[in-house]
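K.L.:
can you look at this prediction? I've put the sequence above it.
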Amino acid sequence: GGAGGAGGAGTHAPSLGEAERHDKDAKLWEKLGQKTQKMNNLEEENRRILSKEGGSMGLSEGQRRQTVRNEERLATLAEEVADLEAQIRGKNLQREVSEQRRGKSRAGGGSDDDDDDGGG
């Protein structure tokens with residue numbers, strides 16, 4: 001499941017915030033960016049095809065097939081993007097849990113708990 005794609009100008013972007021970005025996940029973020037960019041490109045191509053002939057009724061067979069292929073690819077990419085985001089969230093959760101554990105085991109009675117808020 002997920003939010004149905006009604007409305008919007010078709011600008012796909014990861015649903016993750018910058019606060020969820022870690023250097024260790026750079027490769028996942030790179031893939032995520034590539035997939036969302038590809039989704040935007042496919043939607044843009046479909047818009048161009050549809051605008052050429054004033055809607056789907058005026059399209060050639062090849063143009064119709066292309067828009068269908070693009071829609072199928074978009075659905076696949078949406079699943080892949082959701083999967084990548086889930087992976088990143090999972091890794092972030094693991095990091096949080098292990099940081100909490102580390103914090104507890106390291107807290108050898110130091111009274112000033114100065115947490116460095118530096119992200120990264």
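P.N.:
Ah, there it is.
K.L.:
from here on, contacts and neighbour counts on C-alpha atoms
P.N.:
Noted.
K.L.:
regarding the residue nearest the centre of the chain, what is its secondary structure?
P.N.:
Nearest residue to the geometric centre of the chain (C-alpha atoms, centre = their mean): residue 14, 3.1 Å. Classification of residue 14 using DSSP: H, G, I helix; E, B strand; the rest coil returns coil.
K.L.:
how close does residue 61 sit to residue 18?
P.N.:
Distance, residue 61 to residue 18, by C-alpha to C-alpha, to the nearest Å: 43 Å.
K.L.:
low pLDDT regions in the protein?
P.N.:
Along the chain, segments meeting pLDDT under 70 span 1-10, 53-57, 105-120.
K.L.:
which residues in it form strands?
P.N.:
Remark: strands of the chain are absent; assignment by DSSP state E.
K.L.:
what ranges does the chain have for its helices?
P.N.:
Ranges of helices within the chain are 26-52, 61-106, based on DSSP state H.
K.L.:
quick one, the longest one and helix 26-52 angle?
P.N.:
With axes from the mean of the first three to the mean of the last three C-alpha atoms, to 10 degrees as the criterion, the two stretches helix 61-106 and helix 26-52 enclose an angle of 150 degrees.
K.L.:
helices or strands up against helix 61-106?
P.N.:
helix 26-52 (3 or more C-alpha pairs under 8 Å, 6 or more residues apart in numbering; DSSP states H and E).
K.L.:
run the chain-centre distance for the helix it packs on.
P.N.:
Once both centres are worked out by C-alpha atoms, centre = their mean, to the nearest Å, helix 26-52 turns out to sit 11 Å from its chain's centre.
K.L.:
buried residues in that helix, which are they?
P.N.:
For helix 26-52, the neighbour count (16 or more other C-alpha atoms under 10 Å) marks 28-29, 32-33, 35-36, 38-43, 46, 49-50 as buried.
K.L.:
one more: stretch 81-91?
P.N.:
The neighbour-count check on stretch 81-91 (16+ other C-alpha under 10 Å) flags 81-82, 84-85, 88, 91 as buried.
K.L.:
before we move on, the earlier item: quick one: residues contacting the residue nearest to the centre of the chain.
P.N.:
Counting by C-alpha atoms under 8 Å, 6 or more residues apart in numbering, residue 14 touches 32-33, 36, 81, 85.
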